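Engineer: coords below, sequence missing:
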């Protein structure tokens, strides 16, 4: 089974998710600057999710470059990841339209936690297929960032009930942590 | 005529169908947990269809790997399949928004039956092109699962008028049956 | 300049157009069969456009297989075709939601005429690039079907003001004419 | 890291943006020609953005053909470009639905300025990676058109507060300037 079609399908789904999210940004009927103001939280929420989906696409790209083959389990681990990513437009809209209210912010964190966990599962399904001596195993190493992200989400969700801006700040922290490109895999792949 | 563009186009259409379905999951205006409750059937309906579309993509992937060429008839058999798959978001929304009411559940089964039949037709159009001695013929074998699925749908549709949960349980049964990866083709392709 | 990315982009746009059209098919709030009745013309309108877009994808596929290279003019001739195809969901919805009323039916014919003309232009831009002795020139031949389609649209548009079903019947005629796979190019490509 | 998946992902996102824009063109409920009249500005706005996105796709295609490799910085410079392009449907709808009113026209110019700047950044990220002696450096040359476009947008935005049609005329001017295919890169690539 080839990995090319898995890549193409995942690219397609992520490209569509990232693009239909923006449909939530409905143009106001008035043409004043004031009419744009209520859209600011929706816009910020969109920017955050755009960056997260960009990170997932980026990491997915890196991950699949380090592997040689896929099997049925990998296909479904990948589908599971795409499922949680497909929930992102829903929570992005709920969070943005309600100006980062407590429960939407907590739900956003939950979807991010599940997507992060699904990526972790995909990595380990691929590891199980390629073995501990594979290029992939060397490339992933201790996988510190993935584990740290899951931990931060687990902390952020209850904290959103204390103050939702703390949870949001933690989500931004995860994004920044990943925006630094993942040199682990690049280092191993470079001869 | 190459099979690559057929794969790419089918991947594109399935990726879009699977993603626009989630647009039905409109965020509520309130931010209470109670506001999410009416979305639960819509969500469950989405999960079921996501899994079905994942299965179709998966099986389509397997099927096209076992073939060598396509012709005009195959292109249209494939279009016919994509047509019925494109009906999935409509019936998913109708079923979810009406809390699995009788007629929407029966209609969902009808669309699934037609999609299953379209896949069956595609398989047999490909078989006619490649011959009974082809790798594809060996790979498909008696095609038990496809026939069983069609039979279960045919039973589920009238049963949805008795109790819609029975039909839903049968749909879930079909999904589980297919989630077990299709080893027939993999077995033949592996040297 | 390679033709691969042109194919991929066109496939993507056609796949999206064919899929977002179905978003017009909004599930009714009632769960009776009667509630589905007003959707019948919308559904028929969708089926017609699905078939037309399938034909365009199919013919586009054949056309690009017969060529060797593309240039800037070809890219824009292709964009022009995609533009008119992107108008299809609009006219499909207008026609379906108004039960095949005169003006929507005439406008549908106009968009089909423009799309057909854009395809004709694309063919001739490619011919000008590849020359009259090229495989493409042999493959296209007298290009009877394209010219006949344009003629039928030109006749159907005024006739829709007499009776819109006549125009619709002519649109179906064009579709049937094209559903017969285009053997011209296949014949030349086969050694 | 390969440039193929970057191309495929960008193609996907641009194809989706160009297509969902047309969803703004809602069919009227009446079937008179008069009912289509209010859609004329929305249609013109759509045509302008369709052409701009076509130009971006075209230029992106040319740019990526002149390069040999991508790195993490390039991936993010590309994501940044896609982000601003994803804002195009929003400003297109706001401008079209408000018949080219001052503030929507100025905002349209701002998004175009940012997209143009993002393309400029992407070019220079690629230049930094490939060096001043690369084929890309020769191909881009003084990059006059990119700089001129940014300058025209900078002039058009304040002018839209004088008269919005002046700004619109300037946007059309930029589009025409780019519609002339970019021969700089083609010239260098041709042996």
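Structural biologist: Alright, I've got the coordinates. What you see is a predicted model, and the numbers here were worked out from it, not measured in a lab.
Engineer: which parts of chain A sit against chain B?
Structural biologist: A:1-2, A:5, A:8-9, A:12-13, A:16-17, A:20, A:23, A:71-73, A:75-76, A:79, A:82-83, A:86-87, A:89-91, A:93-94, A:97-98, A:101-104, A:107 (CB under 8 Å from any CB of the partner chain). Every C-beta, even on glycine, is put in place using the N, C-alpha and C of the backbone.
Engineer: only whichever of the residues you listed are buried, select them in PyMOL.
Structural biologist: Only the buried entries of those go into this PyMOL selection, using 16 or more other CB atoms under 10 Å in any protein chain shown:
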select buried, chain A and resi 1+5+8+9+12+13+16+17+20+72+75+76+79+82+83+86+87+89+90+91+93+94+97+98+101+102+103+104+107
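Engineer: what residues are up against the closest residue to residue A:32 other than its chain neighbours?
Structural biologist: If the residues on either side of it in the chain are set aside, residue A:32 comes closest to residue D:103, at 6.8 Å by CB to CB, 6 or more residues apart in numbering or on different chains. Residues in contact with residue D:103 (CB atoms under 8 Å, 6 or more residues apart in numbering or on different chains) are A:31-33.
Engineer: the residues you listed in strands, which ones?
Structural biologist: Of the contacts of residue D:103, none are assigned to strands by DSSP state E.
Engineer: chain D: which of these is nearest?
Structural biologist: Nearest to chain D out of the contacts of residue D:103 is residue A:31 (CB to the nearest CB; 4.2 Å).
Engineer: phi first, then psi, for the residue nearest to the closest one when sequence neighbours are not counted.
Structural biologist: Excluding its sequence neighbours, the residue lying closest to residue A:31 (CB to CB, 6+ apart) is residue D:101, at 4.2 Å. Dihedral pair for residue D:101: phi -70, psi 160, per degrees, to the nearest 10.
Engineer: wait, what's in contact with residue D:101?
Structural biologist: Contacts of residue D:101 by CB under 8 Å, 6+ apart are A:31, D:95, D:164.
Engineer: again, but for residue A:159
Structural biologist: Per CB under 8 Å, 6+ apart, neighbours of residue A:159: A:166-167, A:170.
Engineer: could I have the buried ones of those residues as ChimeraX selection syntax?
Structural biologist: In ChimeraX syntax, the buried subset of these is picked out as below (16+ other CB under 10 Å):
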select /A:167,170
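Engineer: can you tell me which of the contacts of residue A:159 are in helices?
Structural biologist: With DSSP state H as the criterion, helices contain A:166-167, A:170 from among the contacts of residue A:159.
Engineer: of these, closest to chain B?
Structural biologist: Nearest member of the ones in helices among the contacts of residue A:159 to chain B, counting by CB to the nearest CB, is residue A:167, at 14.0 Å.
Engineer: so the closest one sits right up against residue A:156, yeah?
Structural biologist: Yes. Contact criterion CB atoms under 8 Å: residue A:167 and residue A:156 qualify, at 4.2 Å.
Engineer: what touches both of the two?
Structural biologist: Contacts common to residue A:167 and residue A:156, judged by CB under 8 Å, 6+ apart, are residue A:109.
Engineer: name the residues of the biggest helix by length in chain A that are buried.
Structural biologist: Across chain A, the longest stretch assigned as helix under DSSP H is helix A:102-130. Residues A:102-123, A:125-127, A:129-130 are the ones in helix A:102-130 that count as buried (16+ other CB under 10 Å).
Engineer: what of stretch A:20-38?
Structural biologist: By 16+ other CB under 10 Å, the buried positions in stretch A:20-38 come out as A:20-22, A:24-25, A:27-28, A:31, A:36.
Engineer: lowest-pLDDT helix or strand in chain A?
Structural biologist: Ranking every helix and strand in chain A by mean pLDDT, DSSP states H and E puts helix A:183-189 at the bottom, with a mean of 58.
Engineer: which residues of chain A fall in helices?
Structural biologist: A:4-20, A:40-65, A:72-86, A:88-97, A:102-130, A:135-140, A:144-159, A:164-179, A:183-189.
Engineer: by contact count, what packs against the third one?
Structural biologist: This means helix A:72-86. Counting contacts by 3 or more CB pairs under 8 Å, 6 or more residues apart in numbering or on different chains; DSSP states H and E, helix A:72-86 is packed against helix A:4-20, helix A:40-65, helix A:102-130, helix B:4-20, helix B:39-65.
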